[in-house]
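**Q** Starting from these lines, generate the structure:
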Amino acid sequence: MTRRPVYVMVDVEASGSNVNNNCLLSWAACVVTEEDLSNEELKARGLVYYDELKPLKFGEDHFSNNGPFFKSRGFVRGAMEVGCLGLRCLEKFGGDLRYHPASGNKLFQPGLVLKELEKSGTDPQLAVYRFKKWLRKIAGENGFVILGSDTSLFDLPWIKYYFDIFGRGRDILGHGGYNLHSNWMGLKRKRRVKKKQMGVLDNRVVAHCAEDDAIYLAKLARVAIYINCK
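**A** Okay, here's the model as predicted:
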């Protein structure tokens, strides 16, 4: 029996771009469906995954067998100003500017956000387990997952890194991947393309919320994979 590909668009938010010195704040994934579904329908059918993660700490050994030490309590302020915009755990702080990552807000304290994620975030090992479990479920017995993004050098390496470090058992990601931008360039036979040319309404309330971004990317990928490739 031929196995069917299941395309899944992902988005991550991180405290910086260096996997050795920074850490993930949140990650999300959404299945690319042939049917045009609303955000609510995608979530109701279990086709969207989202989680916020505890930050890695300096010198913390995450393995019982004396594995590698992580130095990931560091952050880049600019990255935190972007990556914290859509964090659900910050909603309870309301107008407290110390937790408000708007650009130019000098009162914003990224360290406080990391402390909050230490309390409310999911342990990385558990987060990877849940993510892999969800991927297996949406793939089913006859499918295989192809992860995709629009910024392949950022999102996919972070996910692969966490899966390699904290994952257990068989690697379900493989060596392939899907890049939305490259796919659309090929379909349009143009060197320069933009997302707005794909005709998908961008109804994201907050930019850089990993969940909303993943859903939006999945809808864009639907146009490229299931409509323009027929």
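**Q** what helix or strand is residue 101 on?
**A** Using DSSP states H and E, residue 101 falls within no helix or strand.
**Q** Report how many residues lie close to it.
**A** 21 (other CB atoms under 10 Å). To be clear about C-beta, it is placed using only N, CA and C from the backbone, and glycine gets the same treatment.
**Q** who's in contact with it?
**A** 80-85, 90, 108, 110, 113 (CB atoms under 8 Å, 6 or more residues apart in numbering).
**Q** Could you find the closest non-adjacent residue to it?
**A** Here the nearest residue to residue 101 in space, its sequence neighbours aside, is residue 84; by CB to CB, 6 or more residues apart in numbering that works out to 3.9 Å.
**Q** same deal with residue 90?
**A** Setting aside the residues directly before and after it, residue 90 is nearest to residue 99 in space (CB to CB, 6+ apart), at 5.0 Å.
**Q** dump the residue contacts of the one you found.
**A** Contact partners of residue 99, counting by CB under 8 Å, 6+ apart, are 84, 90, 93, 108-109, 112-113, 116.
**Q** Which strand runs longest in this structure?
**A** Identified as the longest strand of the chain according to DSSP state E is strand 4-14.
**Q** Between strand 4-14 and the very next helix or strand once past that one, find me the angle.
**A** On the C-terminal side of strand 4-14, the closest following helix or strand by DSSP H and E is strand 24-31. Angular relation of strand 24-31 and strand 4-14 on a 0 to 180 degree scale: 160 degrees, by axes from the mean of the first three to the mean of the last three CA atoms, to 10 degrees.
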